[in-house]
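Asks: Okay, predicted coordinates and the sequence, questions at the end:
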Amino acid sequence: MAEGELEPLKSDMLWLKERGIASVAESVLNSEELDKTVAHLLIAARNDGYAQGYAKSATHGVDTEAALAAAKTQFNNVQLPVMDLIIVALQSEDHVAQLREIFPNKEEDEDEDLA
């Protein structure tokens, strides 16, 4: 393979290492859908804990186990729109280019705007 053919591959691998993987992780961890699902799960778990542990709690006698089970199911089946985009990109022939479109490098964009 000629050196000229290796440069784009090196550039792609460097972008994945320095920016791409972190962008995917950040987009999943910062997704509104995940935040809402985790919050709902935490509230259901807390309510179930209160109901199980305190006879005088506001949740005593309420079927908090079913609510917790439903929240767990919701968490296990949460759909993140960004993951749909990532899956499509990874199935693409040039998956790094597709990922770069989903997660543009803000610093590179700023450099281009200044030029």
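Replies: Received, thanks.
Asks: C-alpha only now, for contacts and for neighbours.
Replies: Noted.
Asks: residues in contact with the residue nearest in space to the middle of the chain?
Replies: Residue closest to the average C-alpha location in the chain (CA atoms, centre = their mean): V28, at 1.1 Å. Listed by CA atoms under 8 Å, 6 or more residues apart in numbering, the contact set of V28 reads L34, L80, V82, M83.
Asks: Nearest to A69 among those residues?
Replies: Proximity of the contacts of V28 to A69 (CA to CA) peaks at L34, which lies at 17.1 Å.
Asks: Which residue ranges of the chain form strands?
Replies: Along the chain, counting by DSSP state E, no stretch forms strands.
Asks: What ranges in it fall below the confidence cut-off?
Replies: 1-3, 52-61, 106-115 (pLDDT under 70).
Asks: Would you map out the domains in it?
Replies: For the chain, automatic domain parsing gives the domain ranges 34-78, 80-115.
Asks: Return the distance of the longest one from the chain's centre.
Replies: Think domain 34-78. Taking CA atoms, centre = their mean, to the nearest Å, the mean C-alpha location of domain 34-78 is offset from the chain mean by 23 Å.
Asks: Please name the residues that touch P8.
Replies: P8 makes no contacts at all, as judged by CA under 8 Å, 6+ apart.
Asks: how near is it to D94?
Replies: Separation of P8 from D94 (CA to CA, to the nearest Å): 11 Å.
Asks: returning to that earlier point: among the domains of the chain, show me which one is buried the most.
Replies: Compared across those, domain 34-78 shows the largest average neighbour count, a mean of 15 (mean count of other CA atoms under 10 Å).
Asks: Next, the distance between the ends of it.
Replies: End-to-end distance (CA to CA), domain 34-78: 7 Å.
Asks: Alright, calling it a day.
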